[in-house]
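>>> take this sequence and fold it.
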Amino acid sequence: MVFGWRLFGLALIVAVLSWPAWIAWQWHAEHQIYADPEDPALTITPQHIEALRKLQFAWSTSIESGGPVVNPLAPYGSDDLAADLGPIIGTSDRIAIARFHREVSTLLTWALANCGLADGQYHLDHLDNATMQRRLRNDLAGLPGARINSYLAEMPRLEPDGFFQFTRQHLQLLHHLSIEWPDSRIISTVAGEGYPAPVVNFKRPFGDMSAFEIDMAAILGQPRPVLDHVDPALNRYYWEMWPALQAFVQNVRLDAAKSTCVD
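Residues are numbered from 1 along each chain as shown. Reported below is the predicted structural model:
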């Protein structure tokens, strides 16, 4: 009996001493998944589509002129990735969660490039004017008030509140919008205190031009813009990528059995 208790005590000590090493290994494996420059291969499943519907977007001002991103502080609605994705895939294992998160990100970029969405007014489950203003203010925290106000003045307004009028022009731009997994140079900047998540290519969001209004005009079949001033219409379309992305992920039709878009 005494020998049995000694064995139990020894096993308990080994388990306690091994726990930090296990946590460190998990952290390293999770980091490797997020740091991998290659997008994972993807076969679309109903679970991927369910998670895609939950994605939430924000506007980052941390790089270049800013742009739309999957909200790093709450990619799927809360600040707990495992709580949001665990019930969908049936595990809270952090490595499985990280892999699935990368797969959903791959589905997002693929769907934006390949799938359609009809013109119309769409209700946004996770976005209204107050939410957009709050997320933008959070991103701008610490800047002078005048600069914050200038950003808020550019922010698109949903009319009526909580609804977005999605058009053919928005779809054309989304098809060319370069939403990608952040590379090693910016991943910590865009993640901040949250999670790595897809972001726009801040420098060239629509093609090869850093003066991306040129790309936008070409996509929309408009004359090449004069670049010594900001075209208000193109600037508005760029800002509207934020609610357009939200409308798209909530409503795009996908066939998991065939891994295709549904027209």
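
>>> list the contacts of residue 163.
121, 122, 123, 124 (CB atoms under 8 Å, 6 or more residues apart in numbering). Where you see a C-beta, it was placed from the backbone N, CA and C, and this is true even at glycine.

>>> pLDDT score assigned to the first one?
What that stands for is residue 121. Per-residue confidence (pLDDT) for residue 121: 98.

>>> in stretch 131-138, what's buried?
131, 132, 135, 136 (16 or more other CB atoms under 10 Å).

>>> same question, stretch 227-238
In stretch 227-238, counting by 16+ other CB under 10 Å, buried: 231, 234, 237, 238.

>>> equivalent analysis for stretch 68-77, please.
Those would be 68, 69, 70, 71, 72, 73, 74, 75, 76, for stretch 68-77 by 16+ other CB under 10 Å.

>>> wait, doesn't the third one sit right on residue 194?
No. With contact defined as CB atoms under 8 Å, residue 70 does not reach residue 194; the gap is 9.8 Å.

>>> of the buried residues of stretch 227-238, closest to residue 172?
Of all the buried residues of stretch 227-238, residue 172 sits closest to residue 237, with 9.6 Å by CB to CB.

>>> which ones are touching that closest one?
Here residue 237 is in contact with 169, 170, 173, 216, 220 (CB under 8 Å, 6+ apart).

>>> just the buried residues of stretch 68-77: which are in strands?
Secondary structure of the buried residues of stretch 68-77 is defined by DSSP state E; positions in strands are 68, 69, 70.

>>> which strands and helices lie in contact with the strand or helix carrying residue 98?
Residue 98 is located in helix 94-114, with elements delineated by DSSP states H and E. With contacts defined as 3 or more CB pairs under 8 Å, 6 or more residues apart in numbering; DSSP states H and E, the packing partners of helix 94-114 are helix 2-35, helix 46-54, helix 81-89, helix 168-176, strand 179-180, helix 241-251.
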